[in-house]
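Participant: Please work out how this folds:
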Amino acid sequence: MHWIIGFVYKRAEGKRDTSGRIHSFDTLTEIPIPFDDVEVFIQEKWRIAGDKAGSGNTANVGSINGTIDDFSSGNGVFACEAEFHEYWRRYKRTNQERQSAYSNIREFRAGRMP
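Facilitator: Residues are numbered from 1 along each chain as shown. Model (predicted):
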């Protein structure tokens, strides 16, 4: 079982330290915090995983594209953890390889397997 701790925030404009200064522990409170509106969630990986690769032309597991409530509630595309594992274990590495297999959860469920 894999758990994800999500740290979601908004970048705070104008709060970036651009001085180039090296801070010691004594001056940590002087560093402007570059983010606001922090929300944290903890969720099982399969519950927030998407059916598309996370980066470019690889087979890295991507996440859902949703609201913080979707992530907190685990509103992912997989019906169960077993389906998630089967989908990603068979997911082809490149776009070309996926042409003869499946490229999304709908095709996977329809039986378009390699």
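Participant: make it CA atoms for all contacts and neighbour counts henceforth
Facilitator: Will do.
Participant: Residue most distant from the centroid, this protein?
Facilitator: Distance from the centre of the chain peaks at Asp26, with 35.2 Å (C-alpha atoms, centre = their mean).
Participant: Could you look up the SS state of it?
Facilitator: helix (DSSP: H, G, I helix; E, B strand; the rest coil).
Participant: how close does it get to Ile33?
Facilitator: According to C-alpha to C-alpha, to the nearest Å, Asp26 and Ile33 sit 16 Å apart.
Participant: In this structure, mark out all the helices, start to finish.
Facilitator: Secondary structure of the chain by DSSP state H: the helices cover 45-48, 68-73, 81-90, 95-98, 105-109.
Participant: between the ones you listed, which gets nearest to Val61?
Facilitator: Minimum separation from Val61 across these (C-alpha to C-alpha) falls at helix 81-90, 7.3 Å.
Participant: Please give me every residue in contact with the residue farthest from the centre of the chain.
Facilitator: Contact criterion C-alpha atoms under 8 Å, 6 or more residues apart in numbering gives no residues in contact with Asp26.
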